[in-house]
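S.K.: structure for this input, please:
(one chain, ligands or ions: 1)
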Amino acid sequence: MKERLGLILLGPPGSGKGTQAKLLTEKYNIPQISTGDILREAVKQRTELGLKAKKFMNQGELVPDDVVVGIIEERLRKEDCERGFVLDGFPRNIEQAHALEGILKKLNSQITQTINLAVGEEELLKRLSGRRICRECGEGYHIIFNPPTNGGICNKCGGELYQREDDQEDTIKARLAVYAEQNAPLIKYYQGKGLLHRVEGKGSIQQIVERIITTIEGTRRDD
Ligand code: AMP
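M.R.: Model prediction:
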């Protein structure tokens, strides 16, 4: 038996973490845990958590650690995570990485691979500013790379497409700056543990997922 996977996807906003995480959940039958998705849902539902998070998110800033750490702990305790998990958008700084380690220890679980998706800044700006999402089903599009057939309408469900507030150019720049500052210590941290693998994030979605799977399979241990 191969060991249970505890994956982290690192990479700047727009590097394709969400897309790749979805493909990995299909390949390995493990849940994707995206703090961004959980927070956006809370904002949409206007829960207490959503109201707290909204102002940070709209400015491209990080939501306070205690809020996201609480979200992650609650999610990792769910039964489906016993099969493994792929984290997308968490941890975002070294404090979150330490908190994650504590939570996983309690749950008798661990990180097995950290994938660092590498994409240059110019490419990221292009990708993020063209991104559109369906309000109804969450399907993602890009006005140049993956346009919907019918203007601002979702191919899958006919829902209206929208641009995330934090995908406007000024906010994108703020998000990339926050990322650059906070991510460097994370890279070092996982490198020090021998868990970090750099994967080139340019190319087709299929090429990239194949690179990630090759990396995982090349480092996955037997139980
Ligand atoms: P994302 O969809 O991962 O780009 O996240 C969108 C926004 O949600 C970020 O710009 C942050 O405001 C917030 N967010 C998501 N994950 C985290 C996290 N791990 N820590 C703090 N804030 C987060």
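
S.K.: mind listing the strands for the chain?
M.R.: Taking DSSP state E as the criterion, the chain carries its strands at 5-10, 32-34, 84-88, 113-118, 131-134, 140-142, 161-162, 196-200.

S.K.: mind putting these into TSV with distance to Ala177 and mean neighbour count?
M.R.: C-beta here means a position set from N, CA and C on the backbone, and glycine is covered the same way. Below are the strands of the chain laid out as TSV (distance: least, CB to CB, whole Å; neighbours: other CB atoms under 10 Å):
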stretch	distance to Ala177	mean neighbour count
strand 5-10	17	23
strand 32-34	21	22
strand 84-88	21	24
strand 113-118	18	20
strand 131-134	19	20
strand 140-142	23	15
strand 161-162	24	17
strand 196-200	21	17
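
S.K.: could those strands go into JSON lines alongside mean pLDDT?
M.R.: Supplementary listing: the strands of the chain in JSON lines, determined by pLDDT from 0 to 100:
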{"stretch": "strand 5-10", "mean pLDDT": "97"}
{"stretch": "strand 32-34", "mean pLDDT": "97"}
{"stretch": "strand 84-88", "mean pLDDT": "97"}
{"stretch": "strand 113-118", "mean pLDDT": "97"}
{"stretch": "strand 131-134", "mean pLDDT": "94"}
{"stretch": "strand 140-142", "mean pLDDT": "93"}
{"stretch": "strand 161-162", "mean pLDDT": "96"}
{"stretch": "strand 196-200", "mean pLDDT": "97"}
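
S.K.: is the helix ranked longest in the chain positioned near the ligand?
M.R.: Longest helix in the chain, counting residues (DSSP state H): helix 169-192. Yes - using CB under 6 Å from any ligand atom, helix 169-192 reaches the ligand at Arg175.

S.K.: check contacts around Val199.
M.R.: Val199 sits next to Ile115, Asn116, Leu117, Ala118, Ile208, Arg211, Ile212, Thr215 when contact means CB atoms under 8 Å, 6 or more residues apart in numbering.

S.K.: please tell me how far the closest residue to the ligand within the chain sits from Gly130.
M.R.: When scored by CB to the nearest ligand atom, the chain has Gly36 as its residue closest to the ligand, at 2.2 Å. Note on Gly36: its distance to Gly130, by CB to CB, to the nearest Å, is 18 Å.

S.K.: what's across from the most centrally placed residue in the chain in the sheet?
M.R.: Against the mean C-alpha coordinate of the chain, by CA atoms, centre = their mean, the closest residue is Asp88 at 2.6 Å. In this entry, Asp88 is beta-bridged to Leu9, Ser34, by DSSP bridges.

S.K.: next up, the contacts around Glu121.
M.R.: Taking CB under 8 Å, 6+ apart, we find Glu121 in contact with Pro12, Leu176.

S.K.: let's go with 10 Å and repeat that
M.R.: Glu121 makes contact with Pro12, Gly14, Lys173, Leu176, Ala180, according to CB atoms under 10 Å, 6 or more residues apart in numbering.

S.K.: now Gly158
M.R.: Contacts for Gly158 (CB under 10 Å, 6+ apart) come out as Cys134, Glu136, Cys137, Asn150.

S.K.: make CSV out of the strands of the chain and add distance to the ligand.
M.R.: Formatted as CSV, the strands of the chain follow (distance: least, CB to the nearest ligand atom, whole Å):
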stretch, distance to the ligand
strand 5-10, 10
strand 32-34, 6
strand 84-88, 7
strand 113-118, 13
strand 131-134, 10
strand 140-142, 11
strand 161-162, 14
strand 196-200, 18
